[in-house]
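J.: After the sequence you'll find the predicted model.
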Amino acid sequence: MRVCRSEKIPIKMWLEDLEEGTMSQLKNLANLPFAFRHIAVMPDSHQGYGMPIGGVLATEGMIIPNAVGVDIGCGMCAMRSSLENLDREMLKKILGQIKAAVPVGFNHHKDRQDDACMPDKRFEKGVVCEREYRHALFQIGTLGGGNHFIEIQKGSDGAIWIMVHSGSRNLGKQVADHYNRLAGRLNEKWHSPVPPEHQLAYLPEESDEGRAYVQEMNYCVEFSFGNRKLMMERIAECFLRNMRCSFEPIINIAHNYARKERHFGHDVWVHRKGATSAKTGEIGIIPGSQGTKSYIVKGKGNPESFESCSHGAGRKMGRKQAQRSLDLAEEIRKMDGQGIVHGIRGVHELDEAPGAYKDISEVMRNQSDLVDVLVELSPLGVVKG
C-alpha cells in the first residue's frame with residue numbers, strides 16, 4: 001500500500017502506477033467536504049466517470065450516484081459443478097446452447113419472463129424502477145455487452161466451474177442517470193462547493209431524493225443478482241441436457257453499489273465502484289480477462305481498504321486504444337495456445353482481448369493483504385456480449 005498525503009485526506013493505493021486522469025479524480029474525492037478518513041484505491045483501478053473504477057469512498061451523510069455508476073449492482077456469480085472433466089466437443093456444444101438460451105449484447109428476450117424472477121416491488125419513494133419494470137421483465141436473464149461474460153472454467157480444486165459477470169442492464173442506467181441529473185440540479189441550487197465538472201453531485205441521505213435513490217439503487221442490486229441467477233439456471237439446464245451432474249449453491253458478489261457500514265467507529269456510506277466487499281471470511285470472486293485465470297477468494301477484513309478488494313484485473317488501455325494498438329493475430333494466438341474456446345475474430349473485438357487488461361497475477365500479488373486465494377480458475381470456453 002502506498003499513501004498520498006497531498007490532499008485533505010490521504011489516498012491509500014494498492015498499486016504502483018496510476019494514469020494522470022485517475023489520480024486527478026482521486027484528488028477530487030479526497031477533497032470532498034464529507035469524505036471520511038481516507039480514499040482506498042484497489043490494484044485494478046483506472047479512470048471512470050467522476051470516480052475511478054476500483055475506487056472505494058466512504059462518506060458521512062451523503063450519497064453520490066456517480067460514485068456507484070450506471071451499472072448498479074453489476075457483479076459476479078460463480079457455481080461449482082460435480083464435473084471434473086469436459087471434452088472440447090462437448091464444451092463447444094454446451095457453449096452453443098448457452099448462446100441460444102442467453103441473449104447477449106443489446107438483445108433482450110422475445111418473451112416476458114416470469115415475475116417471480118424479479119425482486120419484490122417496493123417503490124415507496126422511487127419512480128424509475130416502477131416506470132421501467134415492464135421493460136425489465138424482458139431484460140432479466142440477459143448478459144449485456146462490454147466486459148460482461150459467461151465462462152466455463154477448470155478449477156485448481158479439480159472441478160468444472162461456471163462464472164457469470166453481468167449487471168442491471170438498462171434498469172440500472174435509467175436509475176443512475178435520473179438521480180445523477182437530479183443531484184446535479186439540486187447541487188447547483190444549493191451552491192455546492194463541489195465543482196460540477198468533477199461529476200460528483202451528491203444527495204443528502206436524509207433527503208427525499210437521497211432516500212429514493214437508495215431504495216431504487218438497492219432494487220437494482222437485487223435485480224442484478226436476479227439477472228445473474230436466471231442466467232446461471234439457464235446455463236445449468238444446458239449442462240443437464242447433455243450429462244448427469246449437480247451444482248453447488250451460487251456464490252454472488254456485487255461490485256457497484258453504496259452501502260451503510262461501520263468503519264473506524266463511524267457509520268458511513270461506503271461507495272464501491274468496481275470494488276468488491278472483502279470482510280473477514282467473506283467469499284468473493286475476482287475475474288481476470290478471458291485469457292487469464294480468475295479467483296475465488298476469502299476476505300481478510302483489512303480496515304485500511306474499508307474491507308474491500310479489486311473487482312477484476314482492470315483495464316490498462318481504453319477500448320479504442322486496444323482496437324488500434326493490439327495485434328489481432330497475437331491475441332488470438334494467446335487464446336488458442338491455451339485451448340480456450342473464444343470469440344475473438346476481428347479487430348473490433350480487441351477491446352476485450354487479454355492484452356487490453358492488466359496482469360491479473362500482479363493484481364493479486366498487490367492485494368495479498370486484502371484476500372486469500374481459495375481456488376484458481378482457468379478458462380476453457382467464453383461467451384462475450
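T.: Structure received. Computed from a prediction, not measured in an experiment: that's the story for all the values here.
J.: in which helix or strand would I find Y213?
T.: Counting by DSSP states H and E, the element that carries Y213 is helix 208-240.
J.: Please spell out which residues along that helix are buried.
T.: 209-232, 234-236, 238-239 (16 or more other Cβ atoms under 10 Å). (Each C-beta comes from the backbone N, C-alpha and C, glycine too.)
J.: cool, stretch 281-296 as well?
T.: 282-296.
J.: ends of stretch 26-37, how far apart?
T.: 14 Å (Cα to Cα, to the nearest Å).
J.: swap that for stretch 304-321, sorry
T.: Using Cα to Cα, the two ends of stretch 304-321 sit 34 Å apart.
J.: what domains does the record give for this protein?
T.: 2-316+357-379, 318-356 (automatic domain parsing).
J.: Helices along the stretch 151-300 of the chain, start to end?
T.: Under the criterion DSSP state H, counting those that start in this stretch, helices of the stretch 151-300 of the chain are mapped to 169-189, 208-240.
J.: Please tell me how far H46 sits from K358.
T.: For H46, the distance to K358 equals 8 Å [Cβ to Cβ, to the nearest Å].
J.: so how many other residues sit close to K99?
T.: 15 (other Cβ atoms under 10 Å).
J.: quick one: it from N85, how far?
T.: Taken as Cβ to Cβ, the span from K99 to N85 is 22 Å.
J.: Could you find the closest non-adjacent residue to A183?
T.: A201 (3.6 Å; Cβ to Cβ, 6 or more residues apart in numbering).
J.: The one you found touches W190, doesn't it?
T.: No. Contact status for A201 versus W190: not in contact, 10.2 Å apart, counting by Cβ atoms under 8 Å.
J.: Tell me which of these two has more neighbours.
T.: A201 (22 against 10).
J.: if we can go back for a sec, which residues touch the residue nearest to A183?
T.: Residues in contact with A201 (Cβ atoms under 8 Å, 6 or more residues apart in numbering) are 64-66, 180, 183-184, 186-187, 192, 194.
J.: Touching both of H46 and K358, which residues are there?
T.: 314-316.
J.: could those be laid out in TSV, adding distance to I9, pLDDT and neighbour count?
T.: Supplementary listing: these in TSV, determined by distance: Cβ to Cβ, whole Å; pLDDT from 0 to 100; neighbours: other Cβ atoms under 10 Å:
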residue	distance to I9	pLDDT	neighbour count
G314	23	93	22
R315	26	92	23
K316	27	91	16
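J.: Would you map the strands across the stretch 51-200 of the chain?
T.: 53-59, 62-63, 75-80, 149-155, 160-166 (DSSP state E, counting those that start in this stretch).
J.: Report all helices and strands that the second one contacts.
T.: What it means is strand 62-63. Where contact means 3 or more Cβ pairs under 8 Å, 6 or more residues apart in numbering; DSSP states H and E, strand 62-63 is packed against strand 203-204, helix 208-240, strand 266-273.
J.: again, only using 10 Å
T.: Counting by 3 or more Cβ pairs under 10 Å, 6 or more residues apart in numbering; DSSP states H and E, the packing neighbours recorded for strand 62-63 are helix 169-189, strand 203-204, helix 208-240, strand 256-263, strand 266-273.
J.: In the sheet, which strands lie alongside it, parallel or antiparallel?
T.: strand 203-204 (antiparallel) (DSSP bridges).
J.: Distance from the strand it pairs with to the middle of the chain?
T.: 24 Å (Cα atoms, centre = their mean, to the nearest Å).
J.: quick revisit: can you redo the helices and strands packed on strand 62-63 as a markdown table with distance to D115 and mean pLDDT?
T.: Output for these, formatted as a markdown table (distance: least, Cβ to Cβ, whole Å; pLDDT from 0 to 100):
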| stretch | distance to D115 | mean pLDDT |
| --- | --- | --- |
| helix 169-189 | 15 | 97 |
| strand 203-204 | 30 | 98 |
| helix 208-240 | 11 | 97 |
| strand 256-263 | 24 | 98 |
| strand 266-273 | 29 | 98 |
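J.: can you put those in TSV and add distance to L29?
T.: As requested, those are arranged in TSV below (distance: least, Cβ to Cβ, whole Å):
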stretch	distance to L29
helix 169-189	16
strand 203-204	16
helix 208-240	19
strand 256-263	13
strand 266-273	9
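J.: Those: which one's closest to Q153?
T.: helix 208-240 (12.3 Å; Cβ to Cβ).
J.: can you give me the helices in the stretch 1-150 of the chain?
T.: Counting by DSSP H, counting those that start in this stretch, the helices of the stretch 1-150 of the chain are 20-30, 88-101, 128-139.
J.: Any stretches of the stretch 51-200 of the chain with poor pLDDT?
T.: 122-126 (pLDDT under 70).
J.: and with 80 instead?
T.: 121-126 (pLDDT under 80).
J.: And the closest residue to K99 other than its chain neighbours, how far from I39?
T.: The shortest distance from K99 to any non-neighbouring residue, by Cβ to Cβ, 6+ apart, is to V383 (6.0 Å). Remark: distance between V383 and I39 (Cβ to Cβ) = 35 Å.
J.: so the closest residue to L95 other than its chain neighbours, which of the three states?
T.: Distance criterion Cβ to Cβ, 6+ apart; nearest residue to L95, sequence neighbours excluded, is G381 at 4.9 Å. Using DSSP: H, G, I helix; E, B strand; the rest coil, the three-state assignment for G381 comes out as strand.
J.: Name the residues linked to G381 by a beta bridge.
T.: I152, V341.
J.: What score does it have for pLDDT?
T.: We have a pLDDT of 97 for G381.
J.: quick one: contacts for it?
T.: 86, 88, 91-92, 94-95, 98, 150-153, 290, 339-343 (Cβ atoms under 10 Å, 6 or more residues apart in numbering).
J.: contacting residues for P196?
T.: 184, 187-188.
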